[in-house]
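Enquirer: next one to model:
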Amino acid sequence: MAVNINTVYTRVQSIANKEQRGYITPLEFNRFANQAQLEIFEQYFYDLDQYLRRPGNDTRHADAVTTLQERIALFEVFDTDLGGYSSGYSLPANLHKLSTVERFVSSTESHECEAVTKKDFRLILKSNILLPTDSNPIYIREGNKVKVFKGKATTPFYEEVTSTGSVKVNFIKQPTAVSWGFVLDPSNDALYNSGSSTDFELHGSEEPNLVIKILELAGVAMKAADVYQIGDKENTEDIQQQKA
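Expert: You can find the predicted model right below:
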């Protein structure tokens, strides 16, 4: 379940504007909201790495690793065809982390490709034992493209895969940019417009964290120490509770 952006907007404004301390414009809010979403999203991977080093527990709903994996799973995309070849296969524009690359021999047969670095790739090409095969292809990444290599019956016994529709990827996508859409009333006050708004893609449980993070960012921008401290205090307590 996504987080409704108007709910977050209303709560942030209520706290920031308490006793007329300050007002966050819709454009400022959208900027802070996107930054907050990205920071929370990126933190998932650091936290997952940390929690994987610690023993878990037998209670699924209280296990930190399971919780983080469920939140990351909202952004997993499977079986994306990279389409035509052009000096490599272009990766999706919204890719955040590449999970797997598969070479499809037919509609029913595919082989997962092993990722290798450019340095290792040069070494592999000098060894007949390590060369890719049809059933054990490899790939290298160059910027926003991947190049896939398979075996060949004749020298040099390997070749690059260049056929359209033969490479698919699984990946974790970036969160879609959020936006609190609005229209102006006769008094030039901004009124929420759901039709031009984009909600947060984060898990519904992240609503309090979004409010806290946006308040921190807004407090710094407005140079309002009290607003920042409200968010920072809540964020610190939340982190301590999660990692105790």
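Enquirer: so what's the residue count around the closest residue to Gly204 other than its chain neighbours?
Expert: Distances taken as Cβ to Cβ, 6 or more residues apart in numbering place Met1 nearest to Gly204, at 4.0 Å, with adjacent residues excluded. Bear in mind the C-beta positions are built from the backbone N, C-alpha and C, glycine included. Met1 has 10 neighbours, counted by other Cβ atoms under 10 Å.
Enquirer: do you know how far the one residue sitting closest to the centre of the chain is from Ala2?
Expert: The chain has Gln174 as the residue nearest its centroid, 3.4 Å off, counting by Cα atoms, centre = their mean. Applying Cβ to Cβ, to the nearest Å, the value for Gln174 to Ala2 is 15 Å.
Enquirer: buried residues in the biggest helix by length in the chain, which are they?
Expert: In the chain, taking DSSP state H as the definition, the longest helix is helix 26-52. Going by neighbour count (16 or more other Cβ atoms under 10 Å), the buried part of helix 26-52 is 26, 29-34, 36-37, 40-41, 44, 47-48, 51.
Enquirer: quick check: Gln35 vs Thr25, distance?
Expert: Plainly put, Gln35 is 15 Å away from Thr25 if you go by Cβ to Cβ.
Enquirer: so where's this structure uncertain?
Expert: Scanning the chain for pLDDT under 70 picks out 18-22, 54-62, 220-244.
Enquirer: at 80 what do you get?
Expert: Within the chain, the ranges that satisfy pLDDT under 80 run 1, 17-23, 53-63, 219-244.
Enquirer: could you pull out the strands for it?
Expert: Counting by DSSP state E, the segments of the chain that form strands are 76-81, 89-90, 95-104, 110-112, 114-115, 138-142, 145-151, 158-160, 167-173, 182-184, 190-192.
Enquirer: and the longest one, what does it pack onto?
Expert: Yep, that's strand 95-104 we're talking about. Contacts defined by 3 or more Cβ pairs under 8 Å, 6 or more residues apart in numbering; DSSP states H and E place strand 95-104 against strand 110-112, strand 145-151, strand 167-173.
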